[in-house]
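>>> next comes the sequence, and after it the predicted model I'd like to discuss.
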Amino acid sequence: MADLEFINISKSFGGIFALQDASFSCNRGQVHALLGENGAGKSTLLKVLSGAIQADEGEIRIFGKTARIRNPIDAVEYGIGTVYQELSTIPDLTVSENIFMGRIPKNKLGYFNRKKLYQATIDLFSEYDVSGINPDDKAGSLSLSKRQMIEILKVLSKKPEIVILDEATSALTENRVKWLLSLAKKLADQGRIVIFISHRMSEIKDGCDIITILRNGKVVGEMNVDEVDMDAAVSMMLGRKIEGYYPDIVSHKTEEKLLEVRNLRYEHILRGVNFDLYKGEVLGIGGLAGQGQAELLLALYGVLKSTGEVTLRGRPHQIKTPNKSISGGIALIPEDRGAQGLLLPFSISFNIALSSLARLTSGPLLSRAKENSIVNRYMDVLQVKASNREMAVMSLSGGNQQKVVLAKMLATEPKILLMHDVTRGVDVGTKKDIFSLVRGLAAGENAVVYFSTDVEELVNVCDRVLVMFDGNIGASFSGNEMTQANIVSASIGEIRNVS
């Protein structure tokens, strides 16, 4: 008998099965991975376990006994802790307050005991080897990666016996991903059950013991990680053999400069960045986290008030606001699609049309015909999987939410598309679609600035890669020099080939 058993779990929404007779088991001491495309049923299954939703049919057994999990409070009582992909930190509260929300220690007079709260946070940091975060910092001042760590620590502070990590690495920087993989192993070694969802095969291979694969709401396979053929696992996820995961790179780069950046500076982060972007080029941006990549994209889009000279299609360009950037033909796919790219409670149609209102209105009136045309076109181009265009974006899978962000910005008809780690947290099928889209944009004489934390992607998607180091361009690679080894070496300052 397994320590945790899912037996014939079924769940449907509007008559469509999200889970259908799904059965598998987990044991203490294991890091158990769930693989599958977005919409395969992984998150639905774990929401059933965590009490966020209730199954229509089936049974869950925990340590040999049937578990009746009707809500998240029941789940906590069964020792279940869930780290969701969507962040729930409250920006105006401190790190400590977010972690111990509802459990903040009080003194004899009933007031918050700040000293005990601080010490409890420091003890938690020490237990789980966390550094670089001040317990008294406001959560809203922290990077996305650090806010994700707060979510993880919030769950671990409750000492769960079953730990669910639902795409918990997707918002983490590379060194933090290593931290979490090591942490998952540590939790398993302590005798806990760890269930791990990730779309990055390298993380599955490095951090997990067992893989269960879901497709269309059904369990279609289970295997030990040390025995798995990753190509076979991907084919099982998709229900077909995957070919051409990365597109063939046919260069469409011309000698025409779409963008010239000279001496771009922002506070102490960007230190005089210089580069050119050519029509038909996919220009990769690499480097370790915190070297100025995010600030570079935000400065070019007008979010950050930078200094320097920018020439757009041969003319001086004053970067003032995102609206001015969009009107100049520059669009950004942001880092955090939920907080920066979408209005989640609103419809797909509303979100896609939002950045193109100037072209859809005549005076104060919105042209529904133009709106419908744009929304239908880009939903079709991006192959957004949704039952209808009026669905709330928050009801879509992560991959389809990302496609809506892409559709929204492509609808502005940009000449230059800035992309911030666009494949983060999306499944392999959606990644393949995005890679093809990026190369297609270049073939259409546009240009793409493609920042990715995945070095393999940079090598296989881009024409040229700039590696940022200490707020500047440390190295530039193209042709045979554009290798993973060279990019990683430049990321740590071992190669510097840009004067």
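Okay, I see it.
>>> going by C-alpha atoms from here, please, whenever you check contacts or count neighbours.
Noted.
>>> end to end on stretch 414-433, go ahead and measure it.
By C-alpha to C-alpha, to the nearest Å, the extent of stretch 414-433 from end to end equals 19 Å.
>>> that stretch: which residues count as buried?
414-433 (16 or more other C-alpha atoms under 10 Å).
>>> so which of those are in helices?
If you go by DSSP state H, those have 428-433 in helices.
>>> can I get the residues you listed in TSV including distance to Thr169 and pLDDT?
Below are those laid out as TSV (distance: C-alpha to C-alpha, whole Å; pLDDT from 0 to 100):
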residue	distance to Thr169	pLDDT
Val428	16	79
Gly429	19	79
Thr430	18	84
Lys431	16	87
Lys432	20	87
Asp433	22	88
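>>> adding distance to Lys205, write those residues out as TSV.
Output for those, formatted as TSV (distance: C-alpha to C-alpha, whole Å):
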residue	distance to Lys205
Val428	15
Gly429	19
Thr430	21
Lys431	19
Lys432	20
Asp433	24
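>>> bridged to the nearest residue to Leu35 once chain neighbours are set aside, which residues?
Once flanking residues are discounted, Leu35 sits nearest to Ile213: 4.7 Å by C-alpha to C-alpha, 6 or more residues apart in numbering. Counting by DSSP bridges, Ile213 is bridged to Leu35, Gly221.
>>> residue contacts, Ile213?
Shown in contact with Ile213 (C-alpha atoms under 8 Å, 6 or more residues apart in numbering): 34-36, 219-222, 233, 236-237.
>>> how many neighbouring residues does Gly398 have?
Residues within reach of Gly398, counting by other C-alpha atoms under 10 Å, total 23.
>>> make that Val225, sorry
That count, for Val225 with other C-alpha under 10 Å as the rule, works out to 19.
>>> so it sits against Thr212, correct?
No. If you go by C-alpha atoms under 8 Å, Val225 and Thr212 don't touch, sitting 9.9 Å apart.
>>> now list the buried members of the contacts of Ile213.
Neighbour-count burial (16+ other C-alpha under 10 Å) is assigned, among the contacts of Ile213, to 34-36, 219-220, 222, 233, 236-237.
>>> I'd like these as TSV, with pLDDT appended.
Below are the buried ones among the contacts of Ile213 laid out as TSV (pLDDT from 0 to 100):
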residue	pLDDT
Leu34	91
Leu35	87
Gly36	83
Val219	93
Val220	92
Glu222	91
Ala233	78
Met236	82
Met237	79
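>>> rebuild those residues as CSV, extending it with distance to Tyr378.
Listed next are these as CSV, based on distance: C-alpha to C-alpha, whole Å:
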residue, distance to Tyr378
Leu34, 31
Leu35, 28
Gly36, 25
Val219, 32
Val220, 32
Glu222, 37
Ala233, 31
Met236, 29
Met237, 26
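>>> quick one: which of those is nearest Ala22?
Val219 (5.5 Å; C-alpha to C-alpha).
>>> domains in this protein, by residue range?
Under the assignment automatic domain parsing, the domains of the chain span 4-238, 257-491.
>>> count of residues packed around Lys154?
Close neighbours of Lys154, defined as other C-alpha under 10 Å, add up to 24.
>>> quick one, what contacts the closest residue in space to it that isn't next to it in sequence?
Spatial nearest neighbour of Lys154, chain neighbours left out: Ile99 (4.2 Å); criterion: C-alpha to C-alpha, 6+ apart. Contacts for Ile99 (C-alpha under 8 Å, 6+ apart) come out as 121, 150-151, 153-155, 157.
>>> again, 10 Å this time
By C-alpha atoms under 10 Å, 6 or more residues apart in numbering, the contact set of Ile99 is 89, 93, 117, 120-121, 124, 135, 149-158.
>>> again, but for Gly51
Contacts of Gly51 (C-alpha under 10 Å, 6+ apart): 68-76, 80, 82.
>>> repeat for Leu354
For Leu354, the contact set (C-alpha under 10 Å, 6+ apart) comprises 342-343, 360, 371, 408-409, 411-412.
>>> do Leu277 as well
Residues counted as contacts of Leu277 (C-alpha under 10 Å, 6+ apart) are 253-261, 283, 312-313, 416, 447-449, 464.
>>> bridging residues for it?
Counting by DSSP bridges, Leu277 forms beta bridges with Leu259.
>>> I'd like the distance between it and Lys415.
From Leu277 to Lys415 the distance is 11 Å (C-alpha to C-alpha).
>>> which residues are common contacts for those two?
Joint contacts of Leu277 and Lys415 (C-alpha under 10 Å, 6+ apart) are 258, 313, 447-448.
>>> packing partners for the helix or strand hosting Trp179?
Assigned by DSSP states H and E, Trp179 belongs to helix 174-189. Contact partners of helix 174-189 among helices and strands, from 3 or more C-alpha pairs under 10 Å, 6 or more residues apart in numbering; DSSP states H and E: strand 31-35, helix 144-156, strand 162-166, strand 193-197, helix 201-207.
>>> point out the most buried one among the ones you listed.
strand 31-35 (a mean of 28; mean count of other C-alpha atoms under 10 Å).
>>> now the helices for the stretch 251-400 of the chain?
Taking DSSP state H, counting those that start in this stretch to define them, one finds helices in the stretch 251-400 of the chain at 293-301, 322-327, 348-354, 357-360, 368-382, 398-410.
>>> so for Ile492, which of these sits nearest?
helix 293-301 (14.5 Å).
>>> for that closest one, what is the average pLDDT?
On average, the pLDDT along helix 293-301 is 96.
>>> state the pLDDT value of Glu390.
pLDDT recorded at Glu390 is 91.
>>> ok, and the closest non-adjacent residue to it?
Ser347 (4.8 Å).
>>> just checking, that neighbour touches Ser387?
No. Using C-alpha atoms under 10 Å, Ser347 is not in contact with Ser387; the gap is 11.9 Å.
>>> give me the more crowded residue out of the two.
Taking neighbours as other C-alpha under 10 Å, Ser347 and Ser387 compare with Ser347 leading, 18 against 8.
>>> ok, now which ones touch that one?
Contacts of Ser347 by C-alpha under 10 Å, 6+ apart are 388-395.
>>> next one: Leu283
Leu283 is in contact with 276-277, 418, 442, 447-451, 458, 461-466, 478, counting by C-alpha under 10 Å, 6+ apart.
>>> can you flag which of these belong to strands?
Residues of the contacts of Leu283 located in strands (DSSP state E): 276-277, 418, 447-451, 464-466, 478.
>>> what's the helix or strand for the nearest residue to Ala139 once chain neighbours are set aside?
The shortest distance from Ala139 to any non-neighbouring residue, by C-alpha to C-alpha, 6+ apart, is to Pro91 (4.7 Å). Of the helices and strands defined by DSSP H and E, none includes Pro91.
>>> hang on, Pro91 packs against Asn98?
Yes. Contact criterion C-alpha under 10 Å: Pro91 and Asn98 qualify, at 8.9 Å.
>>> what do these two both touch?
Common neighbours of Pro91 and Asn98 (C-alpha under 10 Å, 6+ apart) are 138-139, 147.
>>> would you mind putting the residues you listed into JSON lines with distance to Ile333 alongside?
Converted to JSON lines, those look like this (distance: C-alpha to C-alpha, whole Å):
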{"residue": "Lys138", "distance to Ile333": "26"}
{"residue": "Ala139", "distance to Ile333": "23"}
{"residue": "Arg147", "distance to Ile333": "20"}
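>>> pLDDT weak spots in this structure?
Applying pLDDT under 70 to the chain flags the ranges 230, 240-243, 498-499.
>>> follow-up on the earlier one: going by distance to Phe196, which of the buried ones among the contacts of Ile213 wins?
Leu34 (6.2 Å).
>>> go ahead and confirm the closest one touches Met201.
No. In this structure Leu34 lies outside contact range of Met201 using C-alpha under 10 Å: 11.3 Å.
>>> re the thing from before, how about CSV for the contacts of Leu354, with distance to Asp248 and neighbour count added?
Below are these laid out as CSV (distance: C-alpha to C-alpha, whole Å; neighbours: other C-alpha atoms under 10 Å):
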residue, distance to Asp248, neighbour count
Leu342, 31, 24
Leu343, 35, 17
Leu360, 36, 19
Glu371, 34, 21
Lys408, 26, 28
Met409, 25, 26
Ala411, 26, 20
Thr412, 27, 22
